[in-house]
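Novice: Predicted model, plus sequence, below.
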Amino acid sequence: MRAHFDKELYDLTQQFENMFRAVVTSLEQSIIALTTQNIVLATNIIEYDKVINQQEIDIAANCTRLIALQQPVVKDLRVIVSFMKVSSDLERMGDHARSIAKGVIRTTKHASFEGVLPYLVEMSQRVIDMAKFARTAYLAKDEDKAKEIALMDSKVDADLKKIGQYCRDMMKTDAKYVSNGAEYISMASHLERIADYVTNICEHVVYIQTGELVELEDMCDTAQ
């Protein structure tokens, strides 16, 4: 019976890892689409979000079935419940990557100012690194690493402020930059929200190990 449960849990873990990888790839490609103004790539990202949505549905269904049929012990139950919660966070991260891709398409219709792109690339790389590190920490159930990753969120918040200020300054210089300035600020906001979801994922690492729901964002603010 335990061997069968372990096999089911392994398969669920593989599903989860595939979804995590798909979300990170969508995020990476959305930034490539931005820097290259690749409308075809942006359109593909928007369409691929349907796959990510289905992955969440499949994971939730398998989690529910595993709980109902196998009646897991407490720690196994925490793992399964966290899969459901984190897959929901991943789905929302995918939504934000899709929104960035939609913004890329809109920016091709208005006057751009390329000076903001290095800031967006730097911010996106920080967020992508957070997501990749969180995936590793989650699968390894590394509580200490999860807390370290959450500390990176404050730098993402600072990136958002810097990009917002830069764009507002450019928008003041010439009205032709208003449309894309607003788009770039929106993209940075999407990246910041993705980082928040990554922090949520890190909180679930702590939950799996301890059974406690903690607010790592509050802990990070205290540590600053």
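Specialist: Happy to help now that I have it.
Novice: Next, Met152: phi, psi?
Specialist: Main-chain torsions, Met152, degrees, to the nearest 10: phi -70, psi -20.
Novice: For the nearest residue to it once chain neighbours are set aside, give me its contacts.
Specialist: The shortest distance from Met152 to any non-neighbouring residue, by CB to CB, 6 or more residues apart in numbering, is to Met130 (5.2 Å). Every residue, glycine included, has its C-beta placed from N, CA and C. The contact partners of Met130, by CB atoms under 8 Å, 6 or more residues apart in numbering, come to Ile149, Met152, Asp153, Val156, Ala195, Val198.
Novice: Quick check: Met130 vs Val24, distance?
Specialist: 10 Å (CB to CB, to the nearest Å).
Novice: got it, and Met170?
Specialist: 30 Å.
Novice: for Lys155, same thing?
Specialist: Applying CB to CB to Lys155 and Val24 gives a distance of 19 Å.
Novice: And Ala68, by the same measure?
Specialist: With CB to CB as the criterion, Ala68 and Val24 are 31 Å apart.
Novice: neighbour-wise, which of those two wins?
Specialist: Neighbour count, other CB atoms under 10 Å: between Ala68 and Val24, Val24 has more, with 21 against 8.
Novice: Mind telling me what element the more buried one is part of?
Specialist: According to DSSP states H and E, Val24 maps onto helix 2-36.
Novice: where does the chain dip in pLDDT?
Specialist: Across the chain, the ranges flagged by pLDDT under 70 are 1, 217-224.
Novice: which residues of it fall in helices?
Specialist: 2-36, 39-70, 74-107, 117-140, 143-151, 153-173, 178-210, 216-223 (DSSP state H).
Novice: Would you mind measuring from Ala61 to Leu213?
Specialist: Going from Ala61 to Leu213 by CB to CB gives 24 Å.
Novice: Likewise for Val81?
Specialist: With CB to CB as the criterion, Val81 and Leu213 are 11 Å apart.
Novice: Looking at those two, which is more packed in?
Specialist: Legend: neighbour count by other CB under 10 Å for Val81 and Leu213, higher for Val81 (16 against 9).
Novice: For the residue lying closest to that one once chain neighbours are set aside, grab the count of nearby residues.
Specialist: For Val81, ignoring the flanking residues on the chain, the nearest one in space by CB to CB, 6+ apart is Cys63 at 7.5 Å. Cys63 has 21 neighbours, counted by other CB under 10 Å.
Novice: show me what contacts Cys63?
Specialist: Cys63 is in contact with Leu12, Ile80, Val81, Phe83, Met84, counting by CB under 8 Å, 6+ apart.
Novice: Between the residues you listed, which sits nearest Ser124?
Specialist: Distance to Ser124 across these (CB to CB) is lowest for Phe83, with 26.3 Å.
Novice: That closest one contacts Leu12, correct?
Specialist: Yes. Counting by CB atoms under 8 Å, Phe83 touches Leu12, with 6.2 Å between them.
Novice: Mutual contacts of these two, please.
Specialist: With CB under 8 Å, 6+ apart, Phe83 and Leu12 have common neighbours Ile59, Cys63.
Novice: Have a look at these two and say which one is more surrounded.
Specialist: More crowded of Phe83 and Leu12, by other CB under 10 Å: Phe83, with 24 against 20.
Novice: show me what contacts the more buried one?
Specialist: By CB under 8 Å, 6+ apart, the residues touching Phe83 are Leu12, Thr13, Phe16, Ile59, Cys63.
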